[in-house]
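Peer 1: structure here, sequence nowhere to be found:
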């Protein structure tokens, strides 16, 4: 009986894909042979989208919402811009969250939706409130156009039997999602700051740039380095931009002579007589930093300082393509890999099992 093996797919520096294997349970006495068939599906294509999710603790009045409060809330929130704290699924039904509570969807279901429908915004991306609806026990907040197709009256008109607008035309697919905030009982009269605070686990309406919003999604050590305007070996380009901003100049050079040699990109910050900082990239990762200060020796860092950190968006758990052991402990014969979807394979099996008259 084989020992189960879990593999981790990591996008390393320079866009290289690496596989890290680990055995479940106790360590096996014999090394498990590697297989060349892997399955990447809805459960393994994304990292945990609810990682770090924490309910809010916002105190608000329980006075029922009235007409004037609804008007003030819509006037204050409509077309308001913020940043996404985590990936938001594209289209209906959106996300439903209890006030000061958790989401009504679990991480596995949300991963499958992101895999199937895509996302309308990733962590740190800018979003806009395009519609807000106050109902009896909930508030619907549509971002980036909402989860449904916009209604166009041209769909009802045709010339010589040809519709002027139909499916497949520009603007005929949803571009956003809907966040529903549920309350226990009637919807209270909320102010715009109170509603923004309740949406904090998903959206951030603070006055900040996209780089600052992205830094808030990173672990504490990296976030601290960005706040101190420091660059660590192993950071990606977006982290460097959040820490130091756009460079004053960029250079490209080859590591050695010849057309096939590796090309490095170097960002330069500062100019004499001030301190000058050189940031060298291999692909999307920092591999070397140099700090040249006036009257001081050159400071060079070339060791990976983020060896224990992996971007959650670039780490995916993948499954072995071998069939699971049977009840008797014996492994069934391996099936040939197929590009067909699971439902297509089932339909083929049903046709083969149906007797011909």
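Peer 2: That came in fine, so what should we check first? Everything numeric here is computed off the predicted structure, so don't read it as measured data.

Peer 1: now do the helices in the stretch 1-150 of the chain.
Peer 2: Remark: helices assigned in the stretch 1-150 of the chain by DSSP state H, counting those that start in this stretch are 67-77, 107-117.

Peer 1: actually the stretch 201-350 of the chain, not the one I typed
Peer 2: Going by DSSP H, counting those that start in this stretch, the stretch 201-350 of the chain shows helices at 210-215, 220-227, 237-244, 342-353.

Peer 1: which of the helices of the stretch 1-150 of the chain has the lowest mean pLDDT?
Peer 2: Among the helices of the stretch 1-150 of the chain, helix 107-117 carries the lowest mean pLDDT, a mean of 83.

Peer 1: list the buried residues of that helix.
Peer 2: Neighbour-count burial for helix 107-117 flags 110-115 (criterion: 16 or more other Cβ atoms under 10 Å). Where C-beta positions appear, they are placed from N, C-alpha and C, glycine not excepted.

Peer 1: burial count for residue 238?
Peer 2: 16 (other Cβ atoms under 10 Å).

Peer 1: for the nearest residue to it once chain neighbours are set aside, what are its contacts?
Peer 2: Leaving aside its chain neighbours, residue 238 sits nearest to residue 214 (6.0 Å; criterion: Cβ to Cβ, 6 or more residues apart in numbering). The contact partners of residue 214, by Cβ atoms under 8 Å, 6 or more residues apart in numbering, come to 123-124, 238-239, 242.

Peer 1: the domain parsing of the chain - what is it?
Peer 2: Residue ranges for each domain of the chain read 67-207, 213-312, as given by automatic domain parsing.

Peer 1: got a markdown table for the buried residues of helix 107-117, with distance to residue 56 too?
Peer 2: Below are these laid out as a markdown table (distance: Cβ to Cβ, whole Å):
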| residue | distance to residue 56 |
| --- | --- |
| 110 | 19 |
| 111 | 23 |
| 112 | 26 |
| 113 | 23 |
| 114 | 23 |
| 115 | 28 |
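
Peer 1: taking the mean pLDDT, what do you get for stretch 274-293?
Peer 2: Throughout stretch 274-293, pLDDT has a mean value of 88.

Peer 1: which outside residues touch it?
Peer 2: 12-16, 231-237, 240, 244, 247, 262, 264-270, 294, 298-302.

Peer 1: coming back round to it: distance to residue 58 for the domains of the chain - can I get that in JSON lines?
Peer 2: Shown next, in JSON lines, are the domains of the chain (distance: least, Cβ to Cβ, whole Å):
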{"stretch": "domain 67-207", "distance to residue 58": "5"}
{"stretch": "domain 213-312", "distance to residue 58": "18"}
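
Peer 1: nearest to residue 60, of those domains?
Peer 2: Closest of those to residue 60 is domain 67-207, at 4.9 Å (criterion: Cβ to Cβ).

Peer 1: what's the burial count for residue 273?
Peer 2: With neighbours defined by other Cβ under 10 Å, the count for residue 273 comes to 9.

Peer 1: quick one: contacts for the residue lying closest to it once chain neighbours are set aside?
Peer 2: Once flanking residues are discounted, residue 273 sits nearest to residue 294: 5.3 Å by Cβ to Cβ, 6+ apart. Listed by Cβ under 8 Å, 6+ apart, the contact set of residue 294 reads 272-275.

Peer 1: quick check: residue 294 vs residue 274, distance?
Peer 2: Distance of residue 294 to residue 274, computed by Cβ to Cβ, to the nearest Å: 8 Å.

Peer 1: what of residue 57?
Peer 2: Where residue 274 is concerned, residue 57 sits at a distance of 45 Å (Cβ to Cβ).

Peer 1: what about those two, which has more around it?
Peer 2: residue 274 (11 against 7).
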